[in-house]
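Undergrad: how does the following fold in three dimensions:
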Amino acid sequence: MEKPEVVILCGGKGSRLSEETALKPKPMVEIGGRPILWHIMKIYSHYGYNRFILALGYQGEHIKKYFYDYRTMASDFTLVMDPHKSPEMHDVHEHIDWEITFVDTGLDTLKGGRIKLLEKYIKSDNFLLTYGDGVADLDIEKLHNFHLSHNSIGTATAVRPPSRFGELIISGDKIVKFEEKPQLGTGTINGGFFVFKKKFMEYLTPDVSCDFEFGALQKLAQDGELRVYSHRGFWQCMDNIRDMDYLNKLWDDNQAHWKVWK
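TA: Numbers count the residues shown, from 1 in each chain. From the prediction side, this is the model:
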């Protein structure tokens, strides 16, 4: 059975990383010489999820160009200066079997609107979704199988990191309330790795003002349609320069726990 698509939200401006994002989008900020977006895609690819849909926005052309040029940058090749002839590839140093759909979802569109605009590109009954700024040693296959094991529309991943993110109020394996970035919270938080039935699109509109966490996920939880998958391993987002430095240090020290691929 073919694996479902992976949607990655890549449209934000990353204002708390302005030193890095003035000239490039947040998912292109590098860890160990590669964009964090590449690291996220490698995690999914390790488990056989190789079809990606990228929701682009702020400076999305940088993401398009990176992957358009990726094959030639990773290979030796001979170029004949004839516009009708493609480069002849020689030793390919890295083989990645990725299919990537790039979709411009607008500069200021909120996340819910971005997801809705991808609907026509999603062919599977379910799809995976994540943000373009977080990594984890999460077993994607177990997450997907858990989602398939219940009848609810959505599955969110709960993690236990720093306190400044959206809190999940949990009863059993159901999320009963979704609080985005509460001032005080002591429990598990939204780790940003989701699986949804395509029916989730009914909770969204293509409007610029349609949000994801405020509104759609809260309504899904209120309707009893959002389950939780608990991840007790490594998780880290890249929200600011300190996070970026921390992730780069882990990579340099061979302590990059999210590097599940060989």
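
Undergrad: for this structure, longest strand please?
TA: Counting by DSSP state E, the longest strand found in the chain is strand 189-197.

Undergrad: show me where the stretch 51-200 of the chain has its strands.
TA: Counting by DSSP state E, counting those that start in this stretch, the stretch 51-200 of the chain has strands at residues 51-56, 75-78, 88-92, 99-104, 126-131, 134-136, 154-159, 167-171, 174-179, 189-197.

Undergrad: CA atoms of the longest strand of the chain as PDB?
TA: What follows is strand 189-197 as a C-alpha-only set of coordinates in PDB (Å, rounded to 0.1, in the frame of the first residue of the first chain):
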ATOM      1  CA  ILE A 189       2.300  19.900  24.700                       C
ATOM      2  CA  ASN A 190       1.600  19.800  21.000                       C
ATOM      3  CA  GLY A 191       4.700  18.300  19.400                       C
ATOM      4  CA  GLY A 192       3.600  19.200  15.800                       C
ATOM      5  CA  PHE A 193       3.500  15.800  14.200                       C
ATOM      6  CA  PHE A 194      -0.100  15.100  13.100                       C
ATOM      7  CA  VAL A 195      -2.100  12.600  11.100                       C
ATOM      8  CA  PHE A 196      -5.500  13.500   9.700                       C
ATOM      9  CA  LYS A 197      -8.300  11.900   7.800                       C
END
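
Undergrad: for the protein, which element, helix or strand, carries the lowest mean pLDDT?
TA: The weakest-scoring helix or strand in the chain, judged by mean pLDDT, DSSP states H and E, is strand 167-171 (a mean of 75).

Undergrad: please work out the angle formed by the directions of that strand and strand 189-197.
TA: If you take axes from the mean of the first three to the mean of the last three CA atoms, to 10 degrees, strand 167-171 sits at 70 degrees to strand 189-197.
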